[in-house]
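Asks: the following block contains a protein sequence and its predicted model.
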Amino acid sequence: MPTLTIDGREITVEPGTTVLQACELLGIEVPRFCYHDRLSIAGNCRMCLVEQERAPKPIASCAMPCADKMVIRTNTAGVRKARNGVMEFLLINHPLDCPICDQGGECDLQDQAMAYGFDRGRFHENKRAVKDKQMGPLIKTIMTRCIHCTRCVRFATEIAGVEELGATGRGEHMEITTYLEQAIGSELSGNLADICPVGALTHKPHAFAARPWELRKTESVDVHDAVGSNIRIDARGREVMRILPRLNEDINEEWLSDKSRYAVDGLKRQRLDRPFVREGGKLRPAEWSEAFQAIAARLKGQDGRRLGAIAGDLVEAESLLALKDLMAALGSPHLDCRQDGAKLPGGVRAGYLFNSTIAGIEAADALVIVASNPRREAALINARIRKRWLRGGLRVGLIGQRAGLTYKYEHLGAGPQTLKELADGRHSFFEVLRGAKRPMLILGMAGLARPDGAAVLAEARRLAETAGLIREGWNGFNVLHTAAGRVAGMDLGFLPGESGLDTEGMLAAAERGELAALWLLGADELPMRRLGTAFVVYQGHHGDAGAHRADVVLPGAAYAEKDGLWLNTEGRPQLGRRASFPPGDAREDWTILRAFSEVIDKRLPYDTLADLRRRLFQLAPHFARLDAVEPAPWGEFGRADRLDAAPFGVAVSDFHLTNPIARASGIMAECSRLAAGGAAGTGTHG
Amino acid sequence: MTDAWQPPAAPAQFAFSAENEARARTIIARYPQGRQHSAVMPLLDLAQRQQGWLPPAAIEHVARFLEMPRIRVQEVASFYTMYRLRPVGRHLVQVCTTTPCWLRDSDAVVAACKNKLGVEFGGTTADGKFTLLEVECLGACVNAPMLQIDDDYYEDLTPEATERILDAFARGEKPAPGPQGGRRSSEPTGGPTTLAQFTKDG
């Protein structure tokens, strides 16, 4: 291990550490533009120059590996002069249009120019100008500002796995562009604007909207998929302006998927801002008391067995528990949090969690994906698999529909029969799994949300056992959820009670007219036509399918507008915090349920969120251990049964439109249209 | 020459001819297994020789041929000036005007070209036969001034020699490349001064 001296302080580092990284370990700040610790090293901005003893000229510290007995100086007059010179060159062709630049206030170039720039330019010739490039509806380009650090090119190539960005031309004529200016076909493209150290790539939906210092920043979690990405919600007044990723090495690292980031305009559209009651076939605005009375009138004297409740994908744990308690008070056993009908096993946690954990993917050396397209269902888990795959030594097999994943895979088969062959050890990939040190299986919702889902689950469990996926200190069995609220619902037992009906059962009962009333808590992905004549209460935040069918609409709060606990697909509880307030008369969901319980004289025993959480933590103590994954013991789950020969379908057919918030977003609609092969927007789209 | 030259439209389709495809496979086979992308430069050259220039269709064909992302091929093609991303005339006349050639009166060679062809730098004659370009040093300084037509160097030029060469090309002939003043290769203008005996016999 090399030992070197930096500014008179000695440090011993791992072999392969660069001088810049060693400086960081000592807390010495080195300015940089092109260096990024998650990307390969380019060494082309030259901002990180330091002096090395006996070297004839300053060295680029980001690209220089530490060697024994090196003597580095970062604070000499020579270093300062060298960095001043580099900064002056970088600014030669930079337009210095900070007052009209969206990066202003959070710009590396601006900040470092304050430290290393001259107070005036000495370049009196014409600056070069570069035509802006079309990169789709999410990324705005002002290419004259580009300093050619190539971070974006490396991000697209390495992390996103779409080799569509490049640098054409050379020298002064170098330009960053996509091939023939096509939109970037990645679900991680928003990160390009984040890693751009200048204002060349900015967020198009956020263009000219706000300055960073005007925004109120709230740390929260994302609900657009079940990854549980950590986010920062930036709001101004009541309006959520933008969403940025927050660092969490265990989950999203520092990236965020485009849907999580840009569906934010959906929070402003199609909102339910007051209660509605259906009268004469039409929904009319109503007061809260009227709406509650209308429901109470219908529930009065009803047998609890004629009532049901289905929870949607974005719901937080608190309202799930409140609704469960309410249904218990009403005497109904018909509860389900699996609106897609996935045959997830109640009770056995290991049977519905991503047991290996997301960070655990990096330890895996064999992976079989069953009935899932991680790129669409959980873009950041897909990025993690790619990260592991790039390191080499990971073999990936796929059972289900072929998909454009960002790593090479062997297509093993299309349906459950292949899974059975694999579990029987009759498939060649079986040996790959059994011979691996850390083999993994990822089972997607497309495998479970079908009539033989329980049998598919049983086969997957059998494969996990026969191929040795479950070992001391390693659980390679993973269920990849698509709904952020699902794991909390499973943990809380928001499932059919004794002789209770599941989603499919409730739909069938409603069709036969055997269900008097159904409470939909943010559940929109149901075939509403099948609800028959049932009295439908829709509690949620967007005027989507559920509200259209509802007889009474109770306006709730979207994820950015309430405090709540969400468990991601790993079963990791995380706290989402309120960044804004729900619009109009809308209220936080648990308070609506609590208020209604009083109307029907079945008062729920909590008056504050703290009370409710206390009850929650009593029922499920692991909810209180925030950000920690509780390892789940292996158990018996699934039901060995006849497998259907039909090939697996897809769980997410349109990445951009999976939930009511995304469906209300104009930007997601545009992205969806582009992804489906529509023509790119014209230049007038801003 | 009043009518401007109409450059050909970019073809929508491009594929290697059977002969070129065989050559492409030979070229690719020169590189070790897993390093096939290294063949991108010779393959682009092959495509350019077939098409005369590199339209997007040709770049995409090479990308498909090597299973490379298109942008990576585009990067290479736009980096090197010898790849033509716009159509050029049948013969590409590249005149060097860098210091050594300029000191040896490349200005007169340039004037002769412009006069003879009736176009400025970057222009193509109306009949589509010649495209005239100014280039930086082509590395034949010892035989300055010089120009390059297609793959060949014409050196030790005078305005008269330049016009003669261009006339010959216009007639469809191909004059002998190399020094036009009578000396062999880059030997001294007054004849060899060392190994004189050897050279005389040889």
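Replies: Nice, thanks for sending it over.
Asks: against residue A:534, how distant is the spatially most central residue of chain B?
Replies: Centroid-nearest residue in chain B, with CA atoms, centre = their mean: residue B:150, separated by 3.6 Å. Per CB to CB, to the nearest Å, residue B:150 is found 81 Å from residue A:534. C-beta: built from backbone N, CA, C; applies to glycine.
Asks: likewise for residue B:21?
Replies: Distance, residue B:21 to residue A:534, by CB to CB: 66 Å.
Asks: the two: which has the busier surroundings?
Replies: Neighbour count, other CB atoms under 10 Å in any protein chain shown: between residue B:21 and residue A:534, residue A:534 has more, with 23 against 13.
Asks: how about the contacts made by residue 68?
Replies: I went with chain A, as the question did not name one. Each residue near residue A:68 by CB atoms under 8 Å, 6 or more residues apart in numbering or on different chains is listed here: A:2, A:3, A:4.
Asks: correction: the question concerned chain B.
Replies: Taking CB under 8 Å, 6+ apart, one finds B:37, B:40, B:62 in contact with residue B:68.
Asks: in three-state terms, label the last one for me.
Replies: Secondary structure assignment for residue B:62 (DSSP: H, G, I helix; E, B strand; the rest coil): helix.
Asks: count of residues packed around it?
Replies: 28.
Asks: the nearest residue to it once chain neighbours are set aside: helix or strand, and which one exactly?
Replies: Leaving out its chain neighbours, the residue that sits closest to residue B:62 by CB to CB, 6 or more residues apart in numbering or on different chains is residue B:43, at 4.9 Å. In this assignment (DSSP states H and E), residue B:43 forms part of helix B:40-51.
Asks: mind giving me the packing neighbours of that helix?
Replies: helix B:18-29, helix B:56-66, helix B:70-79 (3 or more CB pairs under 8 Å, 6 or more residues apart in numbering or on different chains; DSSP states H and E).
Asks: closest to residue A:76 out of those helices?
Replies: helix B:70-79 (36.7 Å; CB to CB).
Asks: with just CA atoms, put that closest one into PDB.
Replies: Taking C-alpha atoms only, helix B:70-79 is exported to PDB below (Å, rounded to 0.1, in the frame of the first residue of the first chain):
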ATOM      1  CA  ARG B  70     -23.800   4.800 -34.300                       C
ATOM      2  CA  ILE B  71     -22.600   7.700 -32.200                       C
ATOM      3  CA  ARG B  72     -19.200   6.000 -31.700                       C
ATOM      4  CA  VAL B  73     -18.800   5.700 -35.500                       C
ATOM      5  CA  GLN B  74     -20.000   9.300 -36.000                       C
ATOM      6  CA  GLU B  75     -17.400  10.400 -33.400                       C
ATOM      7  CA  VAL B  76     -14.600   8.800 -35.400                       C
ATOM      8  CA  ALA B  77     -15.800  10.000 -38.800                       C
ATOM      9  CA  SER B  78     -16.100  13.600 -37.600                       C
ATOM     10  CA  PHE B  79     -12.800  13.600 -35.800                       C
END
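Asks: can you list the domains in chain B?
Replies: B:18-79, B:91-179 (automatic domain parsing).
Asks: quick one: end-to-end distance for the first one.
Replies: Across domain B:18-79, the terminal residues are separated by 28 Å (CA to CA, to the nearest Å).
Asks: can you list the low-confidence ranges for the chain?
Replies: Picked chain A for this. Within chain A, the segments meeting pLDDT under 70 span A:678-686.
Asks: let's do chain B instead
Replies: Looking along chain B with the criterion set at pLDDT under 70, you get B:1-3, B:196-202.
Asks: which residues of it lie near chain A?
Replies: B:56, B:69, B:70, B:71, B:72, B:74, B:75, B:78, B:79 (CB under 8 Å from any CB of the partner chain).
Asks: my guess is the last one contacts residue A:173. True?
Replies: Spelled out, it's residue B:79. No. Under the criterion of CB atoms under 8 Å, residue B:79 makes no contact with residue A:173, lying 9.7 Å away.
Asks: those two: which is more packed in?
Replies: Per other CB under 10 Å, whichever of residue B:79 and residue A:173 has more neighbours is residue B:79, with 16 against 11.
Asks: could you list the buried residues of stretch A:500-515?
Replies: Along stretch A:500-515, these residues count as buried under the neighbour rule (16 or more other CB atoms under 10 Å in any protein chain shown): A:500, A:501, A:502, A:503, A:505, A:506, A:507, A:509, A:510, A:511, A:515.
Asks: turn these into CSV, including secondary structure and distance to residue B:6.
Replies: Listed next are the buried residues of stretch A:500-515 as CSV, based on DSSP: H, G, I helix; E, B strand; the rest coil; distance: CB to CB, whole Å:
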residue, secondary structure, distance to residue B:6
A:500, coil, 77
A:501, coil, 74
A:502, coil, 71
A:503, helix, 67
A:505, helix, 72
A:506, helix, 71
A:507, helix, 67
A:509, helix, 74
A:510, helix, 70
A:511, helix, 69
A:515, coil, 74
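Asks: output the residues you listed as JSON lines; include the columns distance to residue A:278.
Replies: Putting these into JSON lines (distance: CB to CB, whole Å) gives the following:
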{"residue": "A:500", "distance to residue A:278": "27"}
{"residue": "A:501", "distance to residue A:278": "24"}
{"residue": "A:502", "distance to residue A:278": "27"}
{"residue": "A:503", "distance to residue A:278": "23"}
{"residue": "A:505", "distance to residue A:278": "25"}
{"residue": "A:506", "distance to residue A:278": "20"}
{"residue": "A:507", "distance to residue A:278": "20"}
{"residue": "A:509", "distance to residue A:278": "21"}
{"residue": "A:510", "distance to residue A:278": "16"}
{"residue": "A:511", "distance to residue A:278": "20"}
{"residue": "A:515", "distance to residue A:278": "17"}
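Asks: which one of the residues you listed is nearest chain B?
Replies: Nearest to chain B among the buried residues of stretch A:500-515, counting by CB to the nearest CB, is residue A:503 at 43.4 Å.
Asks: quick check: that closest one vs residue A:341, distance?
Replies: 5 Å.
Asks: and what of residue A:637?
Replies: 17 Å.
Asks: and residue A:636, by the same measure?
Replies: For residue A:636 relative to residue A:341 (CB to CB), the value is 22 Å.
Asks: out of these two, which sits in the busier spot?
Replies: A count of neighbours by other CB under 10 Å puts residue A:341 above the other of residue A:636 and residue A:341, at 20 against 11.
Asks: ok, the more buried one touching residue A:502?
Replies: Yes. Applying CB under 8 Å, one finds residue A:341 in contact with residue A:502, separated by 7.3 Å.
Asks: hey, C-alpha coordinates of the helix holding residue B:43 in PDB?
Replies: Taking C-alpha atoms only, helix B:40-51 is exported to PDB below (Å, rounded to 0.1, in the frame of the first residue of the first chain):
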ATOM      1  CA  VAL B  40     -13.900   1.100 -37.800                       C
ATOM      2  CA  MET B  41     -11.400   3.400 -39.500                       C
ATOM      3  CA  PRO B  42     -10.500   1.100 -42.500                       C
ATOM      4  CA  LEU B  43     -14.200   0.300 -42.900                       C
ATOM      5  CA  LEU B  44     -15.200   3.900 -43.000                       C
ATOM      6  CA  ASP B  45     -12.500   4.400 -45.600                       C
ATOM      7  CA  LEU B  46     -13.800   1.500 -47.600                       C
ATOM      8  CA  ALA B  47     -17.300   2.900 -47.400                       C
ATOM      9  CA  GLN B  48     -16.000   6.300 -48.500                       C
ATOM     10  CA  ARG B  49     -14.200   4.800 -51.500                       C
ATOM     11  CA  GLN B  50     -17.400   3.100 -52.500                       C
ATOM     12  CA  GLN B  51     -19.700   6.100 -52.100                       C
END
